[in-house]
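# What follows is a protein structure lacking sequence information:
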């Protein structure tokens, strides 16, 4: 019997400090046993339980793309016991990983469609995975127009800055980077909150256009009416939720919304699905 | 179905014989209350009991259970790598479990044994266990098993059903596991032809003693969000102090927490029973809590048992009617009342 609680051992290959407040770090992980990497076959939008012996586990969205081979990437906010321990670790240290867990963004439905990605703050990790996945030369023909609206408090709080710059210069993706405010005279992108930029820059909704939203509750709350106004139907608005989790496989009982477990039946739900569920998240 | 007659004078000898091939668990009196525990040599189960205060779920699913172990000393090979532990899954038998409590394991099994994931700890324990039930001749006023999908002589979930006739037991064989158990004990006297009829009469008598019931017929057709937003929750939850006693004693509550514990350089990962009554159960790292109030946690417990479970598995409620939560609630909250409110509610 396969034990779903037993993590695969991985080595921390590299740690990158992402933001000016130093509270977000990206960890590149490499499997100790190459066979485990084959078993860990994932899709953009899934997450994993990172496991620190002696401290515990923490559910984190996978920031690398399935098209990037040889390593996994996670961007981690320093919040509690396990994430603080991770922030104090160094390359070469051994941790564990369980997964991939949860559903993913609905890639079979998104095929052949326009995709609008809306992200805020540090909830850009599985969105990065999705963008890298869609921009892969083998996959790009499978999608029509790709728009990305990504906002952070300030330029220094944006994740993956080098990649954002590289995507800006491409003509097969429409980037709309924004910050809440900045006194940087060199800042050449948008200034304003994500809902406002969405209203100005997002393509209109139709049957062939899907929006994927990840961000803090306040951003989602004010972006949703904008998408309604733009004509997005609730089946075409896709969201990824967060919950306190332990097992990650729908057994330990804490992350439910109604009868759905965010860890196993989610974390990705359409707004149409969420409308049928209790408002308890 | 074959019925064996066990004379009580052969009871103790048979049990001692069984202890050679099974770990035996049974109800024993401990500080005036009955609990299920492993029977020592010479120790007999006390089958005169009504029911135990705690359900026997811990025999399959211990309150604290080690899952994995690891070594933190960096000079050792494989340090910081989590490993499986050796656990005793040798054959065990629970003697004298009430039919409602055995049926509860079938409801819980759906959670631990899923098409996608198998919980090895729960499944291996469950599969190693022979369930020897003791029919309830004298149900209590808080019992409502007959309207909660089980009953005082309910057989599903059991391998063997014992019926206490006075000087002897009838042992009704339900599964091959049950048959093997009797063989190991050396109990092989077949009951006479009237036994089946006698058990049937006693069953009817016991069922007639159950005076309380719940109505569950309309739960399935209710809209989840209507029930969730129903106005009665504030009032029925008002007295609840979120002590968690109901979840602790319940045979069908399965939620757990996972924690690491370290002693020197060696550590374990363990799971412990947890409860939806506690605020920490759902508290996010950010400080946000989707179930931050008493009422929300109270509502979760009842919605889970009586609506979410019903919708998820389409085979009844997540309750067997043992009545423990009602008997032990310090605030007199009664699941029968809440269930009937939910079943009768229209938005």
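Nice, I can see it. In this text, all values refer to a predicted model and were calculated from it rather than measured experimentally.

# Now do the strands in the stretch 51-200 of chain A.
Counting by DSSP state E, counting those that start in this stretch, residue ranges of the strands within the stretch 51-200 of chain A are A:56-61, A:72-77, A:94-101, A:114-120, A:146-152, A:174-179, A:190-191.

# now the fifth one against strand A:174-179, angle please.
Between the direction of strand A:146-152 and that of strand A:174-179, the angle (axes from the mean of the first three to the mean of the last three C-alpha atoms, to 10 degrees) works out to 10 degrees.

# With the third one instead?
Per the same axes, to 10 degrees, the angle that strand A:94-101 makes with strand A:174-179 is 130 degrees.

# packing partners for strand A:94-101?
Identification of packing neighbours for strand A:94-101 by 3 or more C-beta pairs under 8 Å, 6 or more residues apart in numbering or on different chains; DSSP states H and E yields strand A:8-17, strand A:47-52. Yep, even glycine has a C-beta here, placed from its N, CA and C like the rest.

# which parts of it are buried?
Residues of strand A:94-101 classed as buried under the neighbour-count rule (16 or more other C-beta atoms under 10 Å in any protein chain shown) are A:94, A:95, A:96, A:97, A:98, A:99, A:100, A:101.

# can you list those in CSV and add pLDDT?
Output for these, formatted as CSV (pLDDT from 0 to 100):
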residue, pLDDT
A:94, 97
A:95, 98
A:96, 98
A:97, 98
A:98, 98
A:99, 95
A:100, 98
A:101, 98
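
# Chain B: which of these is nearest?
Closest approach between those and chain B, by C-beta to the nearest C-beta: residue A:94, at 4.2 Å.

# From residue B:110, how far out is the closest one?
36 Å (C-beta to C-beta, to the nearest Å).

# just to revisit the earlier point, which one of the helices and strands packed on strand A:94-101 lies nearest to chain B?
Comparing these under C-beta to the nearest C-beta, the one sitting nearest is strand A:8-17, at 4.6 Å.

# What strands line up against the closest one, and which way round?
Sheet partners assigned to strand A:8-17 using DSSP bridges are listed as strand A:24-31 (antiparallel), strand A:94-101 (antiparallel).

# Identify all contacting residues around the one helix or strand in chain A whose mean pLDDT sits lowest.
Every helix and strand in chain A was compared by mean pLDDT, DSSP states H and E; the lowest is helix A:217-229, with a mean of 92. Contacting residues not belonging to helix A:217-229 are listed as A:118, A:120-121, A:151, A:193-195, A:198-199, A:202, A:205, A:211, A:213, A:215, A:237, A:239, A:271, B:288 [C-beta atoms under 8 Å, 6 or more residues apart in numbering or on different chains].

# Given whichever helix or strand comes after that helix, what are its sheet partners and their directions?
As assigned by DSSP states H and E, the chain's next helix or strand after helix A:217-229 is strand A:237-240. Listed by DSSP bridges, the sheet partners of strand A:237-240 and their directions read strand A:209-214 (parallel), strand A:268-270 (antiparallel).

# residues making contact with the longest one?
Read that as strand A:209-214. Taking C-beta under 8 Å, 6+ apart as the rule, strand A:209-214 contacts A:105, A:109-110, A:113-120, A:123-124, A:126-127, A:130, A:202-203, A:205, A:220, A:223-224, A:227, A:232, A:236-240.

# and the angle for that strand with strand A:114-120?
Here strand A:209-214 points in a direction 20 degrees away from that of strand A:114-120 (the same axes, to 10 degrees).

# And the chain, what are its domain boundaries?
Chain wasn't specified; assuming chain A. With domains defined by automatic domain parsing, chain A comprises A:8-101, A:107-240.

# that's the other chain; I wanted chain B
Listed domain ranges for chain B are B:3-208, B:224-344 (source: automatic domain parsing).

# so can I have JSON lines of the ones you listed showing mean pLDDT and distance to chain A?
As requested, those are exported to JSON lines (pLDDT from 0 to 100; distance: least, C-beta to the nearest C-beta, whole Å):
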{"stretch": "domain B:3-208", "mean pLDDT": "96", "distance to chain A": "4"}
{"stretch": "domain B:224-344", "mean pLDDT": "97", "distance to chain A": "3"}
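
# Just send the ones you listed back as JSON lines, with mean neighbour count too.
As requested, those are exported to JSON lines (neighbours: other C-beta atoms under 10 Å in any protein chain shown):
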{"stretch": "domain B:3-208", "mean neighbour count": "18"}
{"stretch": "domain B:224-344", "mean neighbour count": "18"}
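
# Using JSON lines, lay out the ones you listed together with distance to residue A:250.
Shown next, in JSON lines, are those (distance: least, C-beta to C-beta, whole Å):
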{"stretch": "domain B:3-208", "distance to residue A:250": "7"}
{"stretch": "domain B:224-344", "distance to residue A:250": "10"}
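
# Between the ones you listed, which one is closest to residue A:24.
Of all those, it is domain B:224-344 that lies closest to residue A:24, at 13.5 Å by C-beta to C-beta.

# what about the closest one, distance to the chain center?
Centroid separation between domain B:224-344 and its chain, computed with C-alpha atoms, centre = their mean, to the nearest Å, is 15 Å.

# likewise stretch B:116-129?
With C-alpha atoms, centre = their mean as the basis, stretch B:116-129 stands 15 Å off its chain's centre.

# what's the straight distance from one end of it to the other?
23 Å (C-alpha to C-alpha, to the nearest Å).

# just to revisit the earlier point, dump the helices and strands packed on strand A:94-101 into TSV; add mean neighbour count and mean pLDDT as well.
Putting the helices and strands packed on strand A:94-101 into TSV (neighbours: other C-beta atoms under 10 Å in any protein chain shown; pLDDT from 0 to 100) gives the following:
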stretch	mean neighbour count	mean pLDDT
strand A:8-17	17	98
strand A:47-52	26	98
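
# Those into TSV, with extra columns for distance to residue B:298?
Formatted as TSV, the entries for the helices and strands packed on strand A:94-101 read as follows, by distance: least, C-beta to C-beta, whole Å:
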stretch	distance to residue B:298
strand A:8-17	39
strand A:47-52	29
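
# how about residue B:14, secondary structure?
Per DSSP: H, G, I helix; E, B strand; the rest coil, the secondary structure class of residue B:14 is helix.

# no, scratch that, I was asking about residue B:58
Three-state call for residue B:58 (three-state DSSP): helix.

# picking up where we left off before, ok, and for the least confident helix or strand of chain A, which residues are buried?
With burial defined by 16+ other C-beta under 10 Å, the residues of helix A:217-229 counted as buried are A:219, A:220, A:223, A:224, A:226, A:227.

# Would you mind measuring from the third one to residue A:214?
This means residue A:223. In this structure, residue A:223 and residue A:214 are separated by 11 Å, where distance is defined by C-beta to C-beta.

# Then the fifth one?
Residue A:226 sits 16 Å away from residue A:214, going by C-beta to C-beta.

# Show the contacting residues for the residue of chain A found nearest chain B.
When distances are taken as C-beta to the nearest C-beta, chain A reaches nearest to chain B at residue A:253, 3.4 Å away. Residue A:253 makes contact with B:111, B:254, B:255, B:256, B:274, B:276 under the criterion C-beta under 8 Å, 6+ apart.

# In this structure the first one contacts residue A:247, no?
This points to residue B:111. No. At 10.6 Å, residue B:111 and residue A:247 do not qualify as touching, with contact defined as C-beta atoms under 8 Å.
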